[in-house]
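Enquirer: sequence and predicted structure, then a few things I'm wondering about:
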Amino acid sequence: MHASPGFVPGVGDELTARTLPVFFGVVELLLRAGVTTVAEAAFQDRVWRPRLEPLRGLAEFRVVHCVVDPDVALERIRRRRAGHPPRRAHVDSAARYDATHRLGHETFDRISIEAPSLEVDTADGYRPGIEEIVAFVNGQG
């Protein structure tokens, strides 16, 4: 974002189009090197699945899906955006300050890749707790 003066986020914008291949390229590079990797992003299924499926043979996937009430999510977006200007590069942070936010939150299309998954409520800490999350990620839960 800093290298693109005047950048305005939008669905399918040039910055996002350049960033996605880099993100997944780094994930692939780390997996091919045998590095345990956490790939964290709020991508929907249409972004995650087609880019992860080709990597299936390189890792045992685990999906941790964090959830929170739409109003809490909106407040977090507002707070993070106000306190960290580079977050304005994300179209979802810039675009959902009205009634459409709840609809966007409720229609989020989770990743649907075949892999063990765990839902974590992040409204106030983590439920289940961090120890259980780590055990799940390590294949022990």
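Expert: Noted; the coordinates are in hand. Numbers count the residues shown, from 1 in each chain.
Enquirer: could you pull out the helices for this structure?
Expert: Counting by DSSP state H, the chain has these helices, from start to end: 14-32, 45-52, 70-83, 91-95, 100-106, 130-137.
Enquirer: which one of these lies nearest to residue 116?
Expert: Comparison of the helices of the chain against residue 116 by C-beta to C-beta identifies helix 130-137 as nearest, at 7.2 Å. Just so you know, the C-beta spots here come from the backbone N, C-alpha and C atoms, and that holds for glycine as well.
Enquirer: how far off centre is the closest one?
Expert: 18 Å (C-alpha atoms, centre = their mean, to the nearest Å).
Enquirer: in that helix, which residues are buried?
Expert: Using 16 or more other C-beta atoms under 10 Å as the test for burial, helix 130-137 gives 133, 136, 137.
Enquirer: number of nearby residues for the closest residue to the last one other than its chain neighbours?
Expert: Counting by C-beta to C-beta, 6 or more residues apart in numbering, residue 137 lies nearest to residue 62, which is 5.1 Å off, once chain neighbours are set aside. Neighbour count of residue 62, defined by other C-beta atoms under 10 Å: 16.
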